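>>> pasting the sequence and the predicted model now:
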Amino acid sequence: MSKHRTWRQYLLEKLSTNREEAIDYIQVALEEYQVDADVDVLLLSLHTFVEAQAGITELAKRVHMSPDALHKVLSSDKAPHLDTLCTILNALGCRLSVVPLEDGKMEMETSSEDQRISAAG
């Protein structure tokens with residue numbers, strides 16, 4: 001009889017055994033977030049990446065947070081602050097970097113939140 005797994009179980013296994021694929025996975029998630037600003041997908045991808053690479057408990061130790069606090073960050077309905085994202089990625093041996101857009105075009109779309117920030121500043 002064959003062993004049935006959920007997609008998430010398969011993904012976690014794949015990302016935990018292949019670091020290069022795990023890095024590609026989180027890179028694509030961050031790139032897609034820049035395009036569609038879907039916080040839920042970003043956080044689910046980040047949570048999956050964390051689970052596959054270290055686990056919540058281990059990463060929480062590395063970043064000096066409680067597992068509950070880290071889980072709350074990864075389960076929020078808001079994107080993590082840049083310093084929090086960098087801390088998490090650094091603890092997993094990664095970092096954010098800036099690269100030019102492939103097509104060389106600069107798109108300056110603003111969300112309503114961006115407009116509120118500029119109006120308040």
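Perfect, thanks for sending it. Since the model is a prediction, treat every value here as computed from it, not as a measurement. Numbering: from 1, shown residues only.

>>> C-alpha from now on. contacts and neighbour counts both.
OK.

>>> now the residue most central in space within the chain: how far from residue 58?
Centroid check for the chain by C-alpha atoms, centre = their mean gives residue 46 as the closest residue, at 3.1 Å. The spacing between residue 46 and residue 58, counted by C-alpha to C-alpha, to the nearest Å, is 15 Å.

>>> over to residue 69?
13 Å.

>>> so for the two, which sits in the more crowded spot?
Between residue 69 and residue 58, counted using other C-alpha atoms under 10 Å, residue 58 has the larger neighbour count: 16 against 12.

>>> which helix or which strand is home to that one?
helix 56-62 (DSSP states H and E).

>>> how far out from the middle of the chain is the helix of greatest length in the chain?
In the chain, taking DSSP state H as the definition, the longest helix is helix 19-36. The chain centre lies 8 Å from the centre of helix 19-36; the measure is C-alpha atoms, centre = their mean, to the nearest Å.
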